[in-house]
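A.B. asks: Kindly return the folded structure for what I paste below:
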Amino acid sequence: MLFQIAWRNIWRNKSRSLVVISSIIIGIWAGIFILSFSWGMYKNNINESVYRQLSHIQIHHPTFGEENNSKFTITNTDEKARQLESDGRIASVSSRVISSGMITSPTTASGVKIYGINPASEITQIRLNEYVREGTYFESGKENEILIGAKLAKKLKVKLKSKVVLTFTNINSEIISGAFRIGGIYRSKNISLDEVNVYVHQKHLRELLELKPSESNEMAILVKNEEQLETIKKFSVGIVPRGKIEDWKELSPELSMIIESFNLYTYIISGIILLALTFGIINTMLMSVLERIRELGMLMAIGLNKRKIFIMIMLETFYLTLIGTPIGLLSGWLTVTTLGKTGINLSMFSEGLASYGFSSIIYPALDQEKYVIIVTMCLVTAILSAIYPAYKALQLNPSEAIRKI
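C.D. replies: Residues are numbered from 1 along each chain as shown. Model prediction:
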């Protein structure tokens, strides 16, 4: 009987009930959209960092990370790369020679990180060729060709075919200078890296550093299934027993922190939205109680005890929530699914986003677990919001309530 009375009560004032239902729908939709947009942005940043910069696994000489000196190398990297690529779980492997130095143009100079790469390997590794905006990707066949970022080119006031000089120290701590010709200018989705990373032929940089053939400072591995990351790390130990093997979470702790903190972020964002929803439900249900003082007093007078009055008002709120929640959930899911395919174009903010390594097109995404968290929090919020109005109803004196005009 209480269930029927509560259901009829919420439709006695349809406009007020629809306002509460709409608030619940908008609240759930907003929570899902904000979280999916944020996760889409972070996920894009993580993917860009992994697939365009770090790779899933990097192998270095144990001392290289501390000293950042080119003399700390991994030997026989060509053979080791072939052994790693023979494993079907690994998508691609590349070796890199790394040095820090200065790049000088006729007008100015800047500090850079020099990567000696095998151009063919990096096509399948970080797809560097896709970022080239001017010129070509190491197609001239000249060993002194260099690929620099658009922001660095602007800073140095150089263009294609311009001559630049790289200055760095070799493994014997001698200062070496080499003249290079700009063969390509690239622009990635991380402008800050474009300003410091330059790429040259690995063989030429090895010769300048006086490294032995097949010596490299870094081996990068992309895996086909990230769930097998730990297994592949153990497999890599057998091939490079003296190397320091790190996955992308160890190489970039801030990216790992994003994933770990997103659950907390889910509760914070949902909590803020639902807090606003709480006041709306309390206000509406309290008005409903105050408008029905005489009616509630009559129900008490004919024998409906306070416990049943409390349950009736709680049921009214629960029904409103039960109507709004599935609609809000469906609206949010449809929005995320649609925008997850088409993306949200933020090209007007591309410069600012690129400064922090974010793409100008965001693809919202959200795990099923987050949907459950949002819906659960919404249901709990609605029930808690109904307690105060229900409590006020229990304070009514039947004899006084009946005489209320």
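
A.B. asks: any idea how far residue 244 lies from residue 91?
C.D. replies: 22 Å (CB to CB, to the nearest Å). Heads up, the C-betas are built off the backbone N, CA and C, glycines and all.

A.B. asks: Over to residue 181?
C.D. replies: Distance, residue 181 to residue 91, using CB to CB: 32 Å.

A.B. asks: can you check residue 250 too?
C.D. replies: 20 Å.

A.B. asks: Run through the neighbouring helices and strands of the strand or helix carrying residue 207.
C.D. replies: Residue 207 belongs to helix 202-209 when elements are defined using DSSP states H and E. The contact analysis (3 or more CB pairs under 8 Å, 6 or more residues apart in numbering; DSSP states H and E) places helix 202-209 against strand 90-104, strand 109-117, strand 175-186.

A.B. asks: Quick check: buried residues in the last one?
C.D. replies: Of the residues in strand 175-186, 178, 180, 182-186 count as buried by neighbour count, 16 or more other CB atoms under 10 Å.

A.B. asks: got it, and the second one?
C.D. replies: Neighbour-count burial for strand 109-117 flags 110, 112, 114-117 (criterion: 16+ other CB under 10 Å).

A.B. asks: in its sheet, what does the helix or strand following the helix holding residue 207 sit against?
C.D. replies: Downstream of helix 202-209, the first helix or strand assigned by DSSP H and E is strand 218-223. Sheet pairing of strand 218-223 (DSSP bridges) gives strand 57-60 (antiparallel), strand 90-104 (antiparallel).

A.B. asks: Whichever helix or strand comes after strand 218-223 vs strand 218-223, what angle?
C.D. replies: Following strand 218-223 in sequence order, the next helix or strand is helix 229-239 (DSSP H and E). With axes from the mean of the first three to the mean of the last three CA atoms, to 10 degrees defining the directions, helix 229-239 sits at 140 degrees from strand 218-223.

A.B. asks: How about the spatially most central residue of the chain: what's its closest non-neighbour residue?
C.D. replies: In the chain, the residue lying closest to the centroid (CA atoms, centre = their mean) is residue 42, at 1.4 Å. Using CB to CB, 6 or more residues apart in numbering and skipping the chain neighbours, the partner closest in space to residue 42 is residue 258 (5.1 Å).

A.B. asks: Ok, residue 233 next?
C.D. replies: residue 245 (5.4 Å).

A.B. asks: ok, back up a step: centre of the chain to the helix holding residue 207, how far?
C.D. replies: Distance of helix 202-209 from its chain centroid, counting by CA atoms, centre = their mean, to the nearest Å, is 37 Å.

A.B. asks: and that helix, average pLDDT?
C.D. replies: Averaged across helix 202-209, the pLDDT comes to 94.

A.B. asks: Going forward, the N-terminal residue is numbered 28.
C.D. replies: All right, first residue 28 from here; so that's helix 229-236.

A.B. asks: Would you indicate which residues of that helix are buried?
C.D. replies: 229, 231-233, 235-236.

A.B. asks: Tell me the spacing between residue 356 and residue 284.
C.D. replies: 29 Å.

A.B. asks: Where do the helices of the stretch 278-427 of the chain begin and end?
C.D. replies: For the stretch 278-427 of the chain, helices defined by DSSP state H, counting those that start in this stretch occupy the ranges 280-318, 320-328, 333-369, 377-382, 395-421, 425-429.

A.B. asks: Appreciated, that's everything.
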